[in-house]
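> quick one, what's the 3D model for this:
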Amino acid sequence: LQSISELAKYSQVEALTKMIASLPKALANDPLLMAEYCKFLLMQNDQIQAESILRRCLRKEYHEGLISLYGQVKGDDQQLAFAESLLKKAPHSAALYLCLGRLSLNNHLWGKAKNYFEKSLELSPTAEAYAELGKLLEKLNDQSGACSSYRQGLALAINRKADGELTARTS
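Below you'll find the predicted structure:
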């Protein structure tokens, strides 16, 4: 993981590609390694390769970090269908519903996106999900709803930051 991070940090595309290609089969689907590599691919705007790797890994094993990245890939409508198929494996995953909301948004499925974002927030509220819902509500000209969503997300982020600082001081 350290080697992949270092090569990615310095944009060593060729060396990183060779390293990934030479990984033993057992590591080729490792969620942490592949998440790190896919983050690099997304920074390089290699959406197709990132989507392919993430899909392969998620087929083998559902992983929150991978599904979060999968929602950031700009793909096609098949991507949404694949992610929806993962609901059988992880029906209570807020990260999966956030991913589904983002993919629905990319496909201009506003109602579906709104439902997925709301389900994500119902399962586990995050500032990120509130921000996504706020952006969608703005797009739908619901300024009041968008402001409310942004406000809730900001309050959540501030509370989490304050909780983290309090924990750090008491440790």
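
> angles on the backbone of the closest residue to Leu156 other than its chain neighbours, please.
Spatially, and ignoring its direct neighbours in sequence, Leu156 is nearest to Ala127 (5.0 Å; CB to CB, 6 or more residues apart in numbering). In short, each C-beta sits where N, CA and C put it, glycine included. With angles defined as degrees, to the nearest 10, Ala127 sits at phi -60, psi -40.

> name the element the residue positioned nearest the centre of the chain belongs to?
In the chain, the centroid-proximal residue (CA atoms, centre = their mean) is Ser68; its distance is 1.9 Å. Using DSSP states H and E, Ser68 sits within helix 64-70.

> what does that helix rub up against?
Residues from elsewhere that reach helix 64-70 (CB atoms under 8 Å, 6 or more residues apart in numbering): 31-32, 34-35, 38-39, 42, 50-51, 54-55, 57-58, 79, 83, 86, 90, 93, 95-96, 98-99.

> now, of these, which are buried?
If you count burial by 16 or more other CB atoms under 10 Å, the buried members of these come out as 31, 34-35, 38-39, 42, 50-51, 54-55, 57-58, 79, 83, 86, 90, 93, 95-96, 98-99.

> pLDDT weak spots in this structure?
Counting by pLDDT under 70, the low-confidence segments of the chain come to 1-13, 164-171.

> let's see that with 90 instead.
1-30, 32-34, 36-37, 40-41, 43-46, 49, 74-77, 159-171 (pLDDT under 90).

> which residues of this structure fall in strands?
With DSSP state E as the definition, the chain shows no strands.

> and for Tyr97, the neighbour number?
27 (other CB atoms under 10 Å).

> surely Ala94 and Phe117 touch.
No - the pair Ala94 / Phe117 is not scored as a contact, 10.2 Å apart, by CB atoms under 8 Å.
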